[in-house]
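> next come a sequence and a model predicted from it.
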Amino acid sequence: MLAFIRFLFAGLLLVISHAFAATVQDEHGTFTLEKTPQRIVVLELSFADALAAVDVSPIGIADDNDAKRILPEVRAHLKPWQSVGTRAQPSLEAIAALKPDLIIADSSRHAGVYIALQQIAPV
């Protein structure tokens, strides 16, 4: 499953990076990114891993307030980021302060804050 998620994110980022606009459809609906996201926040450690695999560094990670939760080999591929709290309870204030243009969240774990996240950036 994790390999599939990595593949999915890698494909999404490749499509987005080479296209002017990209339309994304998920279980919550459809949205269009007009330009390549530069300021990405991820709310799961595996999402940071997937981005690192395609040389993309998120500006914010829900790292459970402990940078060491990110594997050393993944950290080596990432630029410095700001913690946005825990995966179970990300800080909406910290996320909003980063002014992301994309938030990558888990549709199950983050269902309770999904609408609030959408008010900040595309999810």
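Received the coordinates, thanks.

> distance of Gln25 relative to Pro72?
The gap separating Gln25 from Pro72 is 35 Å, by CB to CB, to the nearest Å. Using the backbone N, CA and C atoms, a C-beta is placed for each residue, glycine as well.

> typo on my end, Tyr114
For Tyr114 relative to Pro72 (CB to CB), the value is 31 Å.

> which one's more surrounded, these two?
Neighbour comparison, Tyr114 and Pro72: the larger count goes to Tyr114, with 14 against 7 (by other CB atoms under 10 Å).

> wait, that one sits on Ser108?
No: taking contacts as CB atoms under 8 Å, Tyr114 lies outside contact range of Ser108: 10.1 Å.

> that's a helix at Gln25, yeah?
No: with DSSP: H, G, I helix; E, B strand; the rest coil as the criterion, Gln25 is strand rather than part of a helix.

> beta-bridge partners for it, please?
Thr30 (DSSP bridges).

> and it, how many residues sit next to it?
Gln25, neighbours per other CB under 10 Å, totals 8.

> got a pLDDT number for it?
On the pLDDT scale, Gln25 is placed at 86.

> okay, now Thr86: neighbour count?
Thr86 has 15 nearby residues by other CB under 10 Å.

> how about it, what does it touch?
If you count contacts by CB atoms under 8 Å, 6 or more residues apart in numbering, Thr86 has them with Ala62, Asp64, Asn65.

> okay, those residues in CSV with secondary structure next?
Output for the contacts of Thr86, formatted as CSV (three-state DSSP):
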residue, secondary structure
Ala62, coil
Asp64, coil
Asn65, coil
